[in-house]
Each structure stands twice: as structure tokens, then as C-alpha cells.
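# no FASTA, just this:
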């Protein structure tokens, strides 16, 4: 009679289960091998999107916050308002400086006009003196001739001593008149030169005043631009993140306050191992599975590869020149874009969500 142990050994159920496990394991392994020949996948991937930080361009105290957490906004909507009183005064100061510069320009132009008028008057006076000098030279020549003639006649006592002395006096008078006119011409020329120098100086002042006016106009434009920065608007359509600012708070220029996420424009960044990139190329079909929607497959395509591995862009990138090199498989970020415009779930995706991507290599 067979023992109970002998019956268990001859029980075919164990062999059938074992055979099924072997066949199932083989089939699973074969299918995974076949899948690996035509696919590359990774779960090291996340949804990305346009995230625009809200950063003030000028410093000031917050007077009003127009948005709340997770609020939908349109491009150009007002988000924050800063106290603008200081910037209004700077605009007024710049406008006052412009008025002063314009007054200086008008004064310089008036001085230049007067100087030019004086130059014209001096030149006309010099012309009159030149004519008088020419006439005086003629009188001097005639007086010289009369004096020489009378000097010869007095020797023969043909004329009286009085006539001789009168000719001599006439000669000396005409010579003195010529000398006076020449001195007047010299003084007029000096005055003309001085007025000309003054005119050149005032012309230079006009140029400086023109440049000053241009500078003051630039100052006004800069002051008005800073004034406009006291109203902070949305840079794009999207949803506001957590608003970490309150009225009365002082904010610095360049200080990140919160962000606006453009949720309708999303894509996937998948970090593939460098050993997976051999057959991958741009334009290949990709199936994306999002952890938030496990039963849905998103259609996408591979659009671009990062120019460097993720570790290269790290704050402290690895430096293998120290001699302590340990080879680690690197990962390269790959950008994947959704291709089905009718997929309404794409608009529900948010940056940072975990996804699984399957790239079809064929």
C-alpha cells in the first residue's frame, strides 16, 4: 500500500503549476525583450510648463494686491500696485529741470543774437572808418603837395610867412586826422574780435544747452518709465501661484514675489539614460502616461534633446579631474510635446506631475 508521501510526489498539479510558471516567465521575458527592441521608456519624467515669475522693477511699499492664490489671470491684468508718490515727485523734478534747461537755451540764443548784431555793427563801423581813412589819405597827400610848393616859394620870398605857416598847419592837421582814424579802426577791430569771441562762447553755450535739454528729456522718460513700473501686471495668461505678499510690505527691485503659470502650454521633460539614446531621434512617437490619470494615454512626440546632461547644469557640477572618478550612468533631458489638440486632459496637466513615457523607436 502506497504511503501518503508517495501520493504527493505523484500529484500532477505541482508539475502543471511549475510548467505554467516557467512558460509564463519565458513569455514575459520574451515579450519584454521584444518590447525593448522597439521601445525606450522611463519613469524619470515630469510635466513642465511656462512659469513666469512676478518681479518688481522698482522698490516700494505695496499698497494693493489685486489677485489671490490660484486665481486665473489674463496678460496685462493688474497684480500689484506699489506706492508711487516718490516716483511722481521724480517726474515733476525732471520736468522742472527741463524748464530750467529750456530757459538757459533761450538766454544763450538771445545772447548769441545780440553778439551777432554787435559784430555786424562793428563791421559796418570799420567800413565807415576805412572810407574816412581813404579820404584822409587824399587830404594828407594834397596837404603835402601844397606844403612842398609853399616851402619852395618861401625861399624866393614869393609868398608870405603866414601862407607858409598855414600850409604847414594844414599838413600837420591832416596827418593827425589820419592817425586818429587809424587808431579808431584799430579799436573797432579789437572790439569786433572781442565780440566774435563772445559770440563763439555763446554759440558753445547754445550747444551745451541743447544737450542739456536732451538729457533732461531722457530723465523725464526714465522717471515716467519707473512710475509705470509701480503697477505690476501679468506677463501672460495663466494661473497665479501662492501670493506671498501683503499690503504694506516693502519689496525690492528684482525680488521674486510669486509666479504666473501658463497651464495651457505644457510639455514633458524625460531624463533618459545615456545608454538609451542610441536609436532615439527627433520626431518619434511617444506615449505618455500620467500618474494623475492612470487610465489615459497621451499622444506625443519627441521634439528635442538637451545640449548637455542634467548634472552639467547642476549648481555644483561633478569634477572628475580630482582623481576620484567613479563612472555613473548619466541622464540626458529630452523634451516631449503633446500632439493631440482634442485631448482635453492636456489642459488639466500641471507642471511637476510625474509621468511615464514610452518612445516608439520605429
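Sure thing, it's come through. Source: prediction; values computed, not measured.
# residue 103: neighbour count?
By other C-beta atoms under 10 Å, 11 other residues sit near residue 103. Every residue, glycine included, has its C-beta placed from N, CA and C.
# again but with residue 346, I slipped
For residue 346, using other C-beta under 10 Å, the count is 22.
# ok, residue 56 - how many residues close by?
Neighbour number of residue 56 under other C-beta under 10 Å is 20.
# got it, and residue 284?
17.
# residue 317 now?
Around residue 317 there are 11 residues (other C-beta under 10 Å).
# what do you get for residue 92?
By other C-beta under 10 Å, 11 other residues sit near residue 92.
# so which elements touch the strand or helix carrying it?
Residue 92 belongs to helix 85-155 when elements are defined using DSSP states H and E. On a contact count with 3 or more C-beta pairs under 8 Å, 6 or more residues apart in numbering; DSSP states H and E, helix 85-155 meets helix 161-228.
# quick one: the helix it packs on to helix 85-155, angle?
Here the directions of helix 161-228 and helix 85-155 differ by 170 degrees (axes from the mean of the first three to the mean of the last three C-alpha atoms, to 10 degrees).
# so residue 56 is in contact with residue 251, correct?
Yes: Residue 56 is within contact range of residue 251, at 5.2 Å (criterion: C-beta atoms under 8 Å).
# which neighbours do those two have in common?
With contacts taken as C-beta atoms under 8 Å, 6 or more residues apart in numbering, residue 56 and residue 251 have 82, 257 as neighbours in common.
# gap between the two ends of stretch 313-329?
Across stretch 313-329, the terminal residues are separated by 16 Å (C-alpha to C-alpha, to the nearest Å).
# cool, and stretch 306-316?
End-to-end distance of stretch 306-316 (C-alpha to C-alpha): 18 Å.
# what does that stretch contact?
271, 274, 317-318, 330-335.
# now the buried members of those residues.
271, 330-334 (16 or more other C-beta atoms under 10 Å).
# now the residues you listed in JSON lines, with secondary structure and pLDDT?
Formatted as JSON lines, the buried ones among the contacts of stretch 306-316 follow (DSSP: H, G, I helix; E, B strand; the rest coil; pLDDT from 0 to 100):
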{"residue": "271", "secondary structure": "strand", "pLDDT": "95"}
{"residue": "330", "secondary structure": "coil", "pLDDT": "90"}
{"residue": "331", "secondary structure": "strand", "pLDDT": "92"}
{"residue": "332", "secondary structure": "strand", "pLDDT": "93"}
{"residue": "333", "secondary structure": "strand", "pLDDT": "95"}
{"residue": "334", "secondary structure": "strand", "pLDDT": "95"}
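# reformat those as a markdown table; add distance to residue 72.
A markdown table is the format used below for the buried ones among the contacts of stretch 306-316 (distance: C-beta to C-beta, whole Å):
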| residue | distance to residue 72 |
| --- | --- |
| 271 | 31 |
| 330 | 39 |
| 331 | 35 |
| 332 | 35 |
| 333 | 29 |
| 334 | 31 |
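# tell me which of those is nearest to residue 218?
Among these, residue 333 lies closest to residue 218 (C-beta to C-beta), at 44.1 Å.
# so what's that closest one up against?
Contacts of residue 333 (C-beta under 8 Å, 6+ apart): 269-271, 305-306, 309-310.
# how does it look with 10 Å?
Contact analysis of residue 333 by C-beta atoms under 10 Å, 6 or more residues apart in numbering lists 44-45, 48, 269-272, 304-310, 313.
# domain boundaries for this structure, per the record?
With domains defined by automatic domain parsing, the chain comprises 39-51+257-362, 56-83+230-255, 85-228.
# shaky segments in this protein?
1-11, 28, 30-36, 105, 109-126, 150, 158, 164, 188-206, 320-325 (pLDDT under 70).
# re the thing from before, export the contacts of stretch 306-316 to a markdown table and tack on distance to residue 81?
Shown next, in a markdown table, are the contacts of stretch 306-316 (distance: C-beta to C-beta, whole Å):
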| residue | distance to residue 81 |
| --- | --- |
| 271 | 42 |
| 274 | 50 |
| 317 | 42 |
| 318 | 46 |
| 330 | 47 |
| 331 | 44 |
| 332 | 45 |
| 333 | 39 |
| 334 | 42 |
| 335 | 38 |
